[in-house]
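Student: From the sequence below, what's the structure:
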Amino acid sequence: MTKWLLSFSFATIANVSQAQEAFKEIKIGFESAAKEVTELQTIELAGGEIVSPTLIKADLFSKQATGDVGIPANIYGSEEPTTEDGGEVYAGFVAYKPGKQASERSYITIPIAKKGKSGLTKGMTYCVEYSISLSESSKFACNNLALYFTDKAPGSGESDAIYADGDHVVKSAVNGIYNGYFGWDKVCNLYVAKGDEKFITIGNFDRNEKTQFQAMKKPKDAEAEALLHAYYYVDNIIIRQIDPKKPEQCACYNKRPPKVEDSFSTLVYDKTPEVNEKMTLDKKIAAQTIYFRAGKAALTENARTNLDFIVAQMNANPALTLEIIGHNDALENKAGEENEMYKGMDSQRIAAVKKYLTSQGVAAERLLAVPMSDKSQSTEVAEDDDQETKDAKNRRVEFRVKL
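Tutor: You can find the predicted model right below:
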């Protein structure tokens, strides 16, 4: 399959050997602006005629920058670029504000066609996906994150939000609330081209009354100021033509109802570690087991407290090496067979723990990953527990001092 690469340098919309042929795949990153990012609301630096169409502009963040627009630490939180993209730059936009500030959103508009021709082939099916991560400054998380196909660039600099619906607006197949502070989630679905697509715009195109939101509690270790918004980092945008008879080619799309993740529980088990001075160090560390919500690798506030204890022990004992043992429940394994975002939840949780520990100064080479899937049941599980409670106790990361 011919691959078409767009990195916001429109001289390379592609490898175009046949000018009349629309692209089969386009990958959009923000790398051309790596050295230029010095302040907020400068999305236009990405080049390629990219714009932010309302008064409040979207942002760029770069590993080559510091302060407000740095990576991983910036004014809105801390996040590494996606492992898929492997770049040094990502963007950010406001998807939700409450009350009288409802219209204060930002968007990213990107051209995908030149010389009046559509970038998509009418009637063809495309997999549309991009990666997002909620910033720690966000007092809210929301749904309705979408990609909007248009024949003209929307907006003209007004302060108002852009409201749109219909078959040119592509939300994720699930359209859930994206509330993960650490790591990246996929927004993904299928789209049948109408033949008039010349631009894509990323943002929230629904009014507040039609947008689901969730109040968030800022991680206690986050340095970013908590603000009345839902602010998302975005990267790794991909539009790829697929066989309409094989929707599974779109990795995070699953058209078979009901989806396994629809039955995920919201229960998160928690237990305060029981530690006393008579215990050996390895037993104290082993008592710091942390637990997770179904389908999530995000750390709870209590989990961070346990990890802070481990950080203190690792710093006090420089020769200590730690095994991080990740677990998931059986339902998550089934969900992973249908939806790639739930695949390997044990490893995703290990990665979240390692990221936190290394951010606190623990050397990565002292941390050994041990993914266990659902092969080992928690010792916390009791015979009279219902299945929901058993699963909650099994969604965990345990710690073992390597002797």
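Student: F140 and Y96: what is the separation?
Tutor: F140 sits 6 Å away from Y96, going by C-beta to C-beta, to the nearest Å. C-beta coordinates here come from the backbone N, C-alpha and C atoms, glycine included.
Student: These two: which is more packed in?
Tutor: Y96 (28 against 21; other C-beta atoms under 10 Å).
Student: where's the more buried one relative to Y232, distance?
Tutor: 9 Å.
Student: packing partners for the helix or strand harbouring V128?
Tutor: Take DSSP states H and E as the rule and V128 turns out to sit in strand 125-134. Helices and strands touching strand 125-134, by 3 or more C-beta pairs under 8 Å, 6 or more residues apart in numbering; DSSP states H and E, are strand 145-150, strand 185-192, strand 230-242.
Student: returning to what we had before: which neighbours do F140 and Y96 share?
Tutor: F213, H229, A230 (C-beta atoms under 8 Å, 6 or more residues apart in numbering).
Student: which among these end up buried?
Tutor: F213, H229, A230 (16 or more other C-beta atoms under 10 Å).
Student: for the residues you listed, which one is nearest L134?
Tutor: Checking those against L134 by C-beta to C-beta gives A230 as the nearest, at 7.0 Å.
Student: partner residues bridging the closest one?
Tutor: Y96 (DSSP bridges).
Student: shaky segments in the stretch 101-250 of the chain?
Tutor: By pLDDT under 70, the weakly predicted segments of the stretch 101-250 of the chain are 114-118, 156-159.
Student: F93: what's it in contact with?
Tutor: Counted by C-beta under 8 Å, 6+ apart, F93 has contacts S52, A58, D59, R105, S106, Y107, I108, I202, G203, Y231, Y232, V234.
Student: correct me, but the first one touches T42?
Tutor: It refers to S52. No. Using C-beta atoms under 8 Å, S52 is not in contact with T42; the gap is 9.2 Å.
Student: quick one, which of these two is more surrounded?
Tutor: Set S52 next to T42 and count neighbours by other C-beta under 10 Å: S52 wins out with 24 against 17.
Student: residue ranges for the strands of the stretch 301-403 of the chain, please.
Tutor: 322-326, 367-371, 396-401 (DSSP state E, counting those that start in this stretch).
Student: From the contact counts, what lies against the longest one?
Tutor: Here strand 396-401 touches helix 281-286, strand 290-291, strand 322-326, helix 345-359, going by 3+ C-beta pairs under 8 Å, 6+ apart.
Student: Can you say which of the ones you listed is packed in most?
Tutor: Neighbour counts (mean count of other C-beta atoms under 10 Å) averaged over each of the helices and strands packed on strand 396-401 peak at strand 290-291, with a mean of 24.
Student: what about D160, how many neighbours?
Tutor: D160 has 12 nearby residues by other C-beta under 10 Å.
Student: ok so, going back, Throw the helices and strands packed on strand 396-401 into CSV and include mean pLDDT, thanks.
Tutor: Putting these into CSV (pLDDT from 0 to 100) gives the following:
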stretch, mean pLDDT
helix 281-286, 96
strand 290-291, 96
strand 322-326, 97
helix 345-359, 96
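Student: Domain ranges for this protein, per the record?
Tutor: 4-255, 281-401 (automatic domain parsing).
Student: would TSV of these with distance to S265 be doable?
Tutor: Formatted as TSV, these follow (distance: least, C-beta to C-beta, whole Å):
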stretch	distance to S265
domain 4-255	14
domain 281-401	5
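Student: how long is stretch 129-140 end to end?
Tutor: Criterion C-alpha to C-alpha, to the nearest Å; first-to-last residue distance in stretch 129-140 is 23 Å.
Student: And for stretch 203-219?
Tutor: Start-to-end, stretch 203-219 (C-alpha to C-alpha) is 25 Å.
Student: and that stretch, which residues are buried?
Tutor: G203, N204, F205, D206, N208, T211, F213, Q214, M216, K218, P219.
Student: From what I see, the second one and F140 are in contact.
Tutor: No. With the criterion set as C-beta under 8 Å, N204 and F140 do not qualify as a contacting pair; they are 11.4 Å apart.
Student: Give me the common contacts of the two.
Tutor: By C-beta under 8 Å, 6+ apart, the residues touching both N204 and F140 are Y96.
Student: about what we covered before: out of the strands of the stretch 301-403 of the chain, which comes closest to R304?
Tutor: Nearest of the strands of the stretch 301-403 of the chain to R304, taken as C-beta to C-beta: strand 396-401 at 12.4 Å.
Student: CA atoms only for that closest one - export them in CSV, please.
Tutor: Provided in CSV are the C-alpha atoms of strand 396-401 (Å, rounded to 0.1, in the frame of the first residue of the first chain):
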residue,chain,number,x,y,z
ARG,A,396,-3.1,-4.5,40.4
VAL,A,397,0.6,-3.9,40.4
GLU,A,398,2.7,-5.6,43.0
PHE,A,399,6.3,-5.0,44.1
ARG,A,400,9.1,-7.5,44.9
VAL,A,401,12.6,-6.7,46.0
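Student: what mean pLDDT would you report for that strand?
Tutor: Averaging pLDDT along strand 396-401 gives 97.
Student: what do you get for stretch 80-92?
Tutor: 79.
Student: what about that stretch, how long is it end to end?
Tutor: Across stretch 80-92, first to last residue, C-alpha to C-alpha, it's 13 Å.
Student: Please list all residues in contact with N333.
Tutor: Per C-beta under 8 Å, 6+ apart, neighbours of N333: S373, D374.
Student: Return the distance of A335 relative to G344.
Tutor: In terms of C-beta to C-beta, A335 sits 11 Å off from G344.
Student: hang on, the earlier thing: nearest to T266 among the domains of the chain would be which one?
Tutor: Among these, domain 281-401 sits nearest to T266 (C-beta to C-beta), with 6.4 Å.
Student: just how off-centre is that closest one within its chain?
Tutor: Here domain 281-401 is found 19 Å from its chain centre; the criterion is C-alpha atoms, centre = their mean, to the nearest Å.
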